[in-house]
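# Sequence isn't available, so here's the structure alone:
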């Protein structure tokens, strides 16, 4: 894999210095915000083992890579926007919107994600769907939601 690509998390950094150190285990996420970005990036890059590794231990015990892969295999993650990040001592909440493409349709996933510190690392526990979750009604001449600056017909909708 080319680690010099722009990081899919939308940070404007290259993957090698952004989410890659979290994915390889070289550097744990410094906070829940960074963990959220690295988890989104892992979905975009189909790094399902990392996604499982970042769940809390109770949830992680019931998950397997093949289940996540099967659920996500036709999905193409396009953009992430962190709306709100609130961290306390051992817990945090991240509100985000992620745009994805599934079966040639664009969708917006709005979620409130909960995180805890477990074994001195941030872990994802669960997420609640937000009111902005919906199928996007876009035309071929709209700007592509992946933020490329191109029209949909010349980008992800082609």
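Yes, it's here. Bear in mind that the values here come from a model prediction, so they are computed numbers and not experimental data.
# Figure out how far the helix or strand bottoming out on mean pLDDT in the chain is from the centre of its chain.
Using mean pLDDT, DSSP states H and E, the weakest-scoring helix or strand in the chain turns out to be helix 65-72, at a mean of 90. Here the centre of mass of C-alpha atoms in helix 65-72, compared against the chain's by CA atoms, centre = their mean, to the nearest Å, lies 15 Å away.
# What of stretch 17-33?
Centre-to-centre, stretch 17-33 and its host chain are 13 Å apart (CA atoms, centre = their mean).
# same deal with stretch 35-44?
Taking the mean C-alpha point of stretch 35-44 and that of its whole chain, the gap between them comes to 4 Å (CA atoms, centre = their mean).
# in it, what counts as buried?
Within stretch 35-44, the residues scored as buried using 16 or more other CB atoms under 10 Å are 35, 36, 37, 38, 39, 40, 41, 42, 43, 44. All C-beta atoms are positioned from the backbone trio N, CA, C, and that covers glycine.
# quick one, strands of the protein?
Assigned by DSSP state E, the chain shows strands spanning 75-87, 91-102, 105-118, 121-129, 134-135.
# Could you dump those strands into a markdown table and include distance to residue 49, mean pLDDT and mean neighbour count?
As requested, those are exported to a markdown table (distance: least, CB to CB, whole Å; pLDDT from 0 to 100; neighbours: other CB atoms under 10 Å):
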| stretch | distance to residue 49 | mean pLDDT | mean neighbour count |
| --- | --- | --- | --- |
| strand 75-87 | 17 | 96 | 16 |
| strand 91-102 | 20 | 96 | 19 |
| strand 105-118 | 18 | 96 | 18 |
| strand 121-129 | 14 | 96 | 16 |
| strand 134-135 | 30 | 92 | 10 |
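# and the longest helix for the chain?
The helix that spans the most residues within the chain, counting by DSSP state H, is helix 32-44.
# report the angle between the axes of that one and helix 65-72?
Helix 32-44 and helix 65-72 are oriented at 80 degrees to each other (axes from the mean of the first three to the mean of the last three CA atoms, to 10 degrees).
# Perfect, that will be all.
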